[in-house]
Structure formats: structure tokens, C-alpha cells
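J.: Provided below are the primary sequence and the corresponding predicted coordinates.
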Amino acid sequence: MTYRIVMLGAPGSGKGTQSKLLAKKLGVETISTGALFREQMAAGTELGQLARFYIDGGNLVPDSVTVPMVEEHFASGIAERGFILDGFPRTVAQALVLDQMLGEENPLTAVLELWVDAEEVVNRLLSRAEVEHRSDDTADVIRNRIEVYRESTKPLHDFYVERGILHEINAMGEIDEVTNRLCSVLRNCVA
Ligand code: AMP
């Protein structure tokens, strides 16, 4: 079974952590656009410098930068091998780009949306700030990222509900518990 999964969830919902754990279980790759941007920023590339301006403000990096970066990754045959996408798509426009990249032969298996309450999100992000020192984990930027999520990314919920592939997962509680909940909505995934 080849899994092609999109992970959705507000900043701080545990998307990155859960994508990695589930990918290990399923034997597929994770593609995190946020992590790709952070690598480019650390390496000081032109793409990284461009992205930093938006990331540090908590805004979305424009599609003219994001889409070619993702397309480059897909060029290596990821659609056939399977994947978990963490952080892409973030808008309906990006979801349409993803459809085109996958084509009719490789449709998405599932879209998993992590749910946490608002207070928990801010607490998680502030404690991550202490450990990871991400430049976009300050209180003001966190507020903007949550707002951007509500406006741009929430419409994706309806988009994938209409497709009949969206699963909402309670992402409160222990990390392993949440991974098992994600696994339980997928066919042939052993918790
Ligand atoms: P993340 O690690 O997923 O929280 O992403 C960190 C930041 O990278 C986001 O706040 C955006 O500024 C940027 N980013 C990540 N993925 C995308 C995307 N698909 N489209 C636009 N910007 C993105």
C-alpha cells in the first residue's frame, strides 16, 4: 500500500512531530516545506534570504518561491513512492498545484487534520521557542501565524471534506497516543 498523505493543523498542533513518527511507521518520506525553508535560510541561499522576510513576519512565502521548491522534490518520483506532506499545501491554490503534480494515477490517500485547543497551541509554541530558537516563535509572530492559518489554511478543510478524504484527529495528549489515532484511520496501518 502506498500512502500519500497531507497533514494539516495550526502552528503548534504537532504536525512536524507527528509527520515524522507516522512516516517512519508507514515507510514513506516526509516533506516539510517549513524545514526546507529553514535549511535554505541556514545555508544563506538566495531562496533562503527571500523566504526569511516572510517567515520572520509569520506570513506565507509566495507561491512563486514555494511551488518550484516543492515541484523540484516531486521530480524525484515521490508521488509514486508515497509521502507525508507537512506544511504543504497551505492554501487552496497550493492544493490545486498538488493535484496537478500527483495526476490521476497517484491520488491522495488521506488528509489528516490535527486539532488542539488554542491555549495549548500557544503553550506548545512558547516552550518550543525555548528549545529550538526558531526566529518565528515569538509571541507577536505566533499570533500572526495563527491568524494566517485561520484565513488561508482553514478553507483547505472544506476543500478536502468535499473530496471525502479529510479525517479530523484529536491531537491533545501524549505523542504516541496521537500517532496511534492517526494510524487508526489509515488502512493497513498497525498501531
Ligand atoms: P512550519 O515549519 O510549517 O510552521 O512553517 C514555517 C513557515 O514557513 C510558515 O510560517 C511560512 O512562513 C513558511 N511556509 C511553510 N510552508 C509554506 C507553504 N506551503 N506556503 C507558504 N509558506 C510556507
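T.: That came through fine. Residues are numbered from 1 along each chain as shown.
J.: please pull out the lowest mean pLDDT helix or strand from this structure.
T.: helix 118-132 (a mean of 82; mean pLDDT, DSSP states H and E).
J.: how about residues contacting that helix?
T.: Around helix 118-132, the neighbours that count as contacts under Cβ atoms under 8 Å, 6 or more residues apart in numbering are 10-14, 116, 134, 137-139, 142, 146, 172. (C-beta placed from N, C-alpha, C; glycine too.)
J.: looking at the residues you listed, spot the one nearest residue 72.
T.: Each of the contacts of helix 118-132 was checked against residue 72 using Cβ to Cβ; the closest is residue 134, at 23.7 Å.
J.: which of the contacts of helix 118-132 lies closest to the ligand?
T.: residue 11 (5.4 Å; Cβ to the nearest ligand atom).
J.: ok, back up a step: buried stuff in the least confident helix or strand of the chain?
T.: 120, 121, 122, 124, 125, 128, 129 (16 or more other Cβ atoms under 10 Å).
J.: I'd like the residues you listed laid out as JSON lines, including distance to the ligand.
T.: Output for the buried residues of helix 118-132, formatted as JSON lines (distance: Cβ to the nearest ligand atom, whole Å):
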{"residue": "120", "distance to the ligand": "16"}
{"residue": "121", "distance to the ligand": "12"}
{"residue": "122", "distance to the ligand": "14"}
{"residue": "124", "distance to the ligand": "12"}
{"residue": "125", "distance to the ligand": "9"}
{"residue": "128", "distance to the ligand": "10"}
{"residue": "129", "distance to the ligand": "12"}
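J.: quick one on the thing from earlier: name only those of the contacts of helix 118-132 that count as buried.
T.: 10, 11, 12, 13, 14, 116, 137, 142, 146.
J.: which of these come close to the ligand?
T.: Among the buried ones among the contacts of helix 118-132, the residues lying close to the ligand (Cβ under 6 Å from any ligand atom) are residue 11.
J.: farthest-separated two in the buried ones among the contacts of helix 118-132?
T.: Taking every pair in the buried ones among the contacts of helix 118-132 and measuring Cβ to Cβ, the maximum separation is 15.9 Å, between 116 and 137.
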